[in-house]
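Participant: Any chance you can model this:
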Amino acid sequence: MSERWYQKAVIYCLDIDTFADSNGDGVGDIRGLIGRLDYLSRLGITCLWLNPIHPSPDRDDGYDVSDFYNVDPRFGNLGDFAELLHEAGNLGIKVIIDLVVNHTSDQHPWFQSARSSPDSPYRDWYVWSETEPPDRKQGMVFPGEQKETWSYDRTAGLWYYHRFYNFQPDLNMNNPEVREEVKKICSFWLQLGVAGFRMDAVPFIIEETTPGVPAPPKDMDFLTELRQHVQWLVGDAVLLAEANVEPDQLVGYFGDSGGSSNRIHMLFDFMLNGRLMLALARQDPELIIDALRDTPTLPHGGQWATFLRNHDEVDLSRLTAEQRADVFAAFGPDEDMQLYGRGIRRRMAPMLGNDRRRLELAYALQFSLRGTPVLRYGEEIGMGDDLSLPGRNAIRTPMQWSMMPNAGFSSAGPDDLVRPMVTGGEFDWHKVNVTKQRHDPASLLSWFERMIRTLREAPEVGSGRCTHVDVPTPPGVLVHRCDDVTGTMLFVHNLCKNSGTVDLSSVYAESEHPNDVLADQEYPEPGKLDAIKIGGYGYRWIRIRRRP
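Facilitator: Model (predicted):
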């Protein structure tokens, strides 16, 4: 891969504990994941993103870290992790891990020491207030589940800040010692061989928190420091950030006002994600067109990461109340399908009524837009969810591998599984699993493999210029193109059920010979592009030009 390998990657996100269990204790582990790397390679994955792997009391699915320099013993040990990196590297798969340094667990030795004495060397590693802060009940990340962002600690005799749950005290990034520790954590894992980090909650990491100041300024310089440190150690290491902020702030996360790309390499595109979900709900591409037109110019090397479903809820907070209501009505009409008043806790297959046409359309559209696609485990086989589980756990059920007990995830008894299998209905693991789809060349899994192979043959999609093709179209039809030195791809996606025809002769050149490389059905040859037919919920990827 090139120096900017991440621009042409396909990222696969998974939780180790729900992917594959090798020792029969009911919890997925690293050795189980190693045994499934061939599957990921065949699927076409080039980068594996692991959700938290560190020791944790596990009150927030591992995001309450109690030791940044080790692996949760449920998953294995550092030797197992080193072997994972080696075996993944042999298959051309890079591995990035979650970097969760906005906070620690309240069981972390740092916090236990900090609260025990004002003389503790770790007292200033956290954010404290001697008096009850007036903004105590403001800024909650999980409204309805959190009651406050400042809690009183009787042992310390002080109030401590926690942007998230009260068992996750925030680290004080204004303290130079904390910054150096974060760099040391990065050094440790980079030395082991990870290819980079997905940084959790970046806007909160860089907040200069002060009691009574509900909207504190952000210290962007720390991102510059961290980028320099990481790339000094490993030149092609990547920082992929979660930063769901206002559009006018986004470019500042990539680089400073001078236009340099000296901060985060990649950002999840939350603005596009919300618009994608609204477009699919309304069956109208207008907001996607707006997103393509409004995309800010990124510094050289900056890259978006696109997604439909990630490991959390579908976050609709960037939509208006009316727009959000439309998405809820289409994809999460029941209250137990919604979360925090702003999101949906379902997988894509249930949201789209398990309609194969709409599933293919949705992912063909996501993978063809600018940026690097991120795929959540199980989406490639159309897994369902379990709404009886609390919160985000609804979409964190075990991977469904086969017809063996527990879908081949684990040999443990059903009551010993980390979470129950999806059972009953059309998403039951007997009906939806890898083995069944592997034997079916017309399955969703086979389609994903074919689609990703096609994407890998079109590098201009990840690194080129992505623009809307402004021509008259039938209702629901989006036309866009990706151009780079490697060639040009033309994309036609129909978000509604009615078929149509589009005249794209304005982009035709006599020296070119357009041909379909991926489509929902057999279509007539593109010819001079003057009568491009498209079926209901259809898609066509058309190769226009390829570098000789």
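
Participant: And the contacts of the helix or strand of the chain with the lowest mean pLDDT?
Facilitator: Across the helices and strands of the chain, mean pLDDT, DSSP states H and E gives its lowest value to helix 460-463, namely a mean of 88. Outside helix 460-463, the residues that touch it by CB atoms under 8 Å, 6 or more residues apart in numbering are 4, 7-9, 303, 367-368, 370-372, 455, 482-489. No exception for glycine: its C-beta is placed from N, CA and C like everyone else's.

Participant: Of those residues, select the buried ones using a PyMOL command.
Facilitator: With 16 or more other CB atoms under 10 Å as the criterion, this PyMOL line picks the buried residues out of the contacts of helix 460-463:
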select buried, resi 4+7+8+9+303+367+368+370+371+372+455+482+483+484+486+487+488+489
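
Participant: mind listing which of the contacts of helix 460-463 are in strands?
Facilitator: Among the contacts of helix 460-463, the members falling in strands (DSSP state E) are 303, 372, 482-484, 487-489.

Participant: okay if I get those residues as a markdown table plus pLDDT and distance to Asp336?
Facilitator: Converted to a markdown table, the ones in strands among the contacts of helix 460-463 look like this (pLDDT from 0 to 100; distance: CB to CB, whole Å):
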| residue | pLDDT | distance to Asp336 |
| --- | --- | --- |
| Gln303 | 95 | 36 |
| Thr372 | 97 | 33 |
| Cys482 | 95 | 39 |
| Asp483 | 94 | 45 |
| Asp484 | 92 | 45 |
| Gly487 | 91 | 47 |
| Thr488 | 94 | 46 |
| Met489 | 96 | 41 |
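
Participant: any idea how the chain splits into domains?
Facilitator: Domains of the chain are assigned by automatic domain parsing as 5-104+176-453, 109-161, 465-546.

Participant: so which of these comes closest to Phe167?
Facilitator: domain 5-104+176-453 (5.5 Å; CB to CB).

Participant: does Gly32 really touch Phe19, like I thought?
Facilitator: Yes. At 6.5 Å, Gly32 counts as touching Phe19 under the criterion of CB atoms under 8 Å.

Participant: Would you indicate which residues of stretch 413-433 are buried?
Facilitator: 417-419, 421-422, 427, 429, 432-433.

Participant: which ones are touching Phe204?
Facilitator: So Phe204 contacts 102, 163, 170 (CB under 8 Å, 6+ apart).

Participant: Ok, Asp312 next?
Facilitator: Asp312 touches 343, 392, counting by CB under 8 Å, 6+ apart.

Participant: So it versus Arg263, what's the distance?
Facilitator: Between Asp312 and Arg263 the computed distance is 23 Å (CB to CB, to the nearest Å).

Participant: Comparing the domains of the chain, which comes out most buried?
Facilitator: domain 5-104+176-453 (a mean of 19; mean count of other CB atoms under 10 Å).

Participant: where's that domain relative to the chain centroid, distance-wise?
Facilitator: 3 Å (CA atoms, centre = their mean, to the nearest Å).

Participant: And stretch 460-476, by the same measure?
Facilitator: 23 Å.

Participant: so how far does that stretch reach from one end to the other?
Facilitator: Taking CA to CA, to the nearest Å, stretch 460-476 runs 25 Å from one end to the other.

Participant: Tabulate the domains of the chain in TSV, adding columns for distance to Pro459.
Facilitator: TSV is the format used below for these (distance: least, CB to CB, whole Å):
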stretch	distance to Pro459
domain 5-104+176-453	5
domain 109-161	37
domain 465-546	5
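
Participant: Show me where the stretch 401-548 of the chain has its strands.
Facilitator: 465-468, 477-484, 487-494, 500-502, 515-519, 532-534, 539-546 (DSSP state E, counting those that start in this stretch).

Participant: Redo the ones you listed as CSV? Include distance to Asp58.
Facilitator: Compiled in CSV, the strands of the stretch 401-548 of the chain are given as follows (distance: least, CB to CB, whole Å):
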stretch, distance to Asp58
strand 465-468, 40
strand 477-484, 42
strand 487-494, 40
strand 500-502, 50
strand 515-519, 41
strand 532-534, 47
strand 539-546, 40
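
Participant: Can you say which of those strands is nearest to Glu83?
Facilitator: strand 515-519 (35.9 Å).

Participant: any low-confidence regions in the protein?
Facilitator: Counting by pLDDT under 70, the chain contains low-confidence ranges at 1-3, 548.

Participant: rerun at 50
Facilitator: 1-2 (pLDDT under 50).

Participant: List of residues touching the top helix by length along the chain?
Facilitator: Of all the segments of type helix in the chain, defined by DSSP state H, the longest one is helix 176-192. For helix 176-192, the surrounding residues in contact (CB under 8 Å, 6+ apart) are 68-69, 78, 81-82, 85, 97, 99, 101, 124-125, 171-173, 197, 222, 225-226, 229-230, 233-234, 237.

Participant: Tell me the strands beside the helix or strand just after that helix, with direction?
Facilitator: Sequence-wise, the next helix or strand downstream of helix 176-192 (DSSP states H and E) is strand 196-199. Counting by DSSP bridges, the strands paired with strand 196-199 are strand 94-99 (parallel), strand 238-241 (parallel).

Participant: okay, the longest one in CSV with CA atoms only?
Facilitator: When you say that, I think you mean strand 94-99. The C-alpha trace of strand 94-99 is given here as CSV (Å, rounded to 0.1, in the frame of the first residue of the first chain):
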residue,chain,number,x,y,z
LYS,A,94,-3.6,-3.6,9.0
VAL,A,95,-5.0,-3.4,12.5
ILE,A,96,-6.0,-0.2,14.4
ILE,A,97,-7.3,-0.1,17.9
ASP,A,98,-9.5,2.2,20.0
LEU,A,99,-7.6,4.9,21.8
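
Participant: Okay, angle between the longest helix of the chain and strand 94-99 too, please.
Facilitator: Angle, helix 176-192 to strand 94-99, by axes from the mean of the first three to the mean of the last three CA atoms, to 10 degrees: 160 degrees.

Participant: can I get the strands paired with strand 196-199 in JSON lines with distance to Leu308?
Facilitator: Shown next, in JSON lines, are these (distance: least, CB to CB, whole Å):
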{"stretch": "strand 94-99", "distance to Leu308": "19"}
{"stretch": "strand 238-241", "distance to Leu308": "17"}
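
Participant: That concludes my questions; thank you for your assistance.
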